[in-house]
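Enquirer: Here is my input; please provide its structure:
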Amino acid sequence: MTHPSVHARTQPDKIAYQMAGTGKAISYRELDELSNQGAQLFRALGLKAGDHIALLLENRLAFMEICWAAQRSGLYYTAISRYLTQDEIAYIVKDCGAKVVITSPKCAGQIKGLLSDAPGAPLFFMIDEPLPGFRSWDKEAIAQPTTPIGDEVAGYDMLYSSGTTGRPKGIKRESENKPIDEPNPFLKLLCADMCGMSSDSVYLSPAPLYHAAPLRFNMMAITLGGTSIIMESFDAEEFLKLVEKHKVTQSQLVPTMFVRMLKLPDEVRLRYDVSSLKGAIHAAAPCPVDVKAKMIEWWGPKLIEYYAGSEGNGVTVSTSQQWLEHRGTVGRAVVGKVKILDENDEELPTGKIGTVYFADAPAFSYHNDPEKTKKAFNAKGWSTLGDVGYLDDEGFLYLTDRKSYMIISGGVNIYPQETEDVLITHPQVADVAVFGVPNEEMGEEVKAVVQPHDIGRAGKELEGELMLFCRKHLSPIKCPKSIDFEAELPRTPTGKLVKRHLRDRYWQQKAG
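Expert: Numbering: from 1, shown residues only. Prediction:
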């Protein structure tokens, strides 16, 4: 493992990143120069190690250039989904303390309302031709030297995960003034050791770069000296075409992508040569057993599954061979030790279901939320993501439930509390429950069950009104795909909503 600045000296003309659709690419020398100019601009703007920037960008080369600029200048960089609403973006920008926000014309609609001259407000930059109120990132960066800043130190991503309040929380790694080429043992384990990535690798990135895994894998591919091909957006046939065209060796996917590829007609699906693939890493959502079995049958034993959170507090990994012998597993611990605990924090024996904890694993914290951080750890210092599962007698982990009814749709985490908090403000809604229900392609989709003030109004008209109301306040992915109505929602005498009584009906219908 090393750093792109080193590869810029040893293989300056090799392509580092290339966009799949346009073919536009940058070499290692260009990446080094552009990231140096970005780092120089950050310093010129007064940013020092430990400060924060935020990015709201579509998949494009500049995304990675800016991340590397932040990485080599000791900054925390927060990538924000371009599918969030302005209010959701505003919350993250404020919560992370971004001093600089960088966007593009394509994303300007969600962010232009945040422009402010108030004291302490972030500086807003735009790539390409800036709209009124935005500074030009391109013009200001190109005016900077291409040499490294004098105080290079490693910076880190600080990405956001849903929190118990329904608001996302930043997952922060403490800055330790490490050198910019500090190795990441977790990524080395997954990418180099488990998946065989190296300087000879051609990595295909099919997912939005603002997600943790795509961003980190794209950085790791370049750390190792390989080439990364970035898709502007995922398309099943186009993915297969790119594997053949570029002789792709590794990729990181989510189960939804497998489903879409398997649904292609056989004459399309089997048209492309994917034999160059050496490793297909997947995570983010449970992969249906039959889907994974079909993928292994098609691609061979090249699928590598891991279970981990953005928190980085532990990792399990399963190779295809291990999965075939332990169908349904998410793997065996490779970072930390898996412990299954009951409600009294006592360890449970093999085969017994309880909360999944990692012992002897890296610590983490939730930015600006010490209470949530405290709840993630027990008295022994073991940490949990809140998932539920069990171990078999060989130490392989199986997940049986997910934290707080988190909805995972197409590999994207959706926290139902946010949606409930919006719907409950509608004048026709007396009570509401939001949860995930089965969806063949996406894994899960968002379902709302509403108790209206007037049950006589229950029906398609009110459903449409509520769905439109929701879309005005939340990104579409967080809005219910359908709404059912009940005269009364199940609550305990103390007022606690027993959501599982509702949710179980839909999952039992699927099972039946």
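Enquirer: buried set for the longest helix that the chain contains?
Expert: Determined from DSSP state H, the single longest helix within the chain is helix 28-44. Counting neighbours by 16 or more other C-beta atoms under 10 Å, one finds that the buried residues in helix 28-44 are 28-43. No exception for glycine: its C-beta is placed from N, CA and C like everyone else's.
Enquirer: Point out where the stretch 351-500 of the chain drops to low pLDDT.
Expert: Confidence mapping of the stretch 351-500 of the chain against pLDDT under 70 gives the ranges 401-404, 492-496.
Enquirer: Can you show me the helices along it?
Expert: Chain-ordered helices for the stretch 351-500 of the chain, with DSSP state H, counting those that start in this stretch as the definition, fall at 370-375, 416-423, 460-473, 499-511.
Enquirer: Next: the stretch 151-300 of the chain.
Expert: With DSSP H, counting those that start in this stretch, the ranges of helices along the stretch 151-300 of the chain come out as 185-187, 212-223, 236-246, 255-262, 266-269, 289-299.
Enquirer: circling back to that earlier point, just name the most buried of the helices of the stretch 351-500 of the chain.
Expert: Each of the helices of the stretch 351-500 of the chain was given a mean neighbour count from mean count of other C-beta atoms under 10 Å, and the largest, a mean of 22, is that of helix 416-423.
Enquirer: what residues go with each domain of this protein?
Expert: Partitioning the chain according to automatic domain parsing yields domains covering residues 31-182, 255-404, 405-511.
Enquirer: Nearest to Ser201, out of these?
Expert: Comparison of these against Ser201 by C-beta to C-beta identifies domain 255-404 as nearest, at 8.2 Å.
Enquirer: For that closest one, what is the distance to the chain centroid?
Expert: For domain 255-404, the gap between its own C-alpha mean and the chain's C-alpha mean amounts to 14 Å (C-alpha atoms, centre = their mean, to the nearest Å).
Enquirer: what does stretch 428-435 give?
Expert: With C-alpha atoms, centre = their mean as the basis, the mean position of stretch 428-435 lies at 28 Å from the chain mean.
Enquirer: For that stretch, which residues meet the burial criterion?
Expert: In terms of neighbour count (16+ other C-beta under 10 Å), stretch 428-435 has its buried residues at Val429, Ala430, Asp431, Val432, Ala433, Val434, Phe435.
Enquirer: ok, the residue lying closest to the last one once chain neighbours are set aside - contacts?
Expert: The reference is to Phe435. The shortest distance from Phe435 to any residue that is not its chain neighbour, by C-beta to C-beta, 6 or more residues apart in numbering, is 4.4 Å, and that residue is Arg503. For Arg503, the contacting residues are Tyr405, Phe435, Gly436, Val437, by C-beta atoms under 8 Å, 6 or more residues apart in numbering.
Enquirer: CSV please, covering those and showing distance to Val317.
Expert: Written out in CSV, the entries for those read as follows (distance: C-beta to C-beta, whole Å):
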residue, distance to Val317
Tyr405, 26
Phe435, 29
Gly436, 25
Val437, 30
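Enquirer: Ser338: what secondary structure?
Expert: Quick fix: residue 338 reads Val, not Ser. Per DSSP: H, G, I helix; E, B strand; the rest coil, the secondary structure class of Val338 is strand.
Enquirer: ok now do it, which residues does it touch?
Expert: When contacts are counted by C-beta under 8 Å, 6+ apart, Val338 touches Gly314, Thr316, Arg332, Val356, Tyr357, Phe358, Ala359, Leu391, Gly395, Leu397.
Enquirer: Mark which of these are buried, thanks.
Expert: Among these, the ones that count as buried by 16+ other C-beta under 10 Å are Gly314, Thr316, Arg332, Val356, Tyr357, Phe358, Ala359, Leu391, Leu397.
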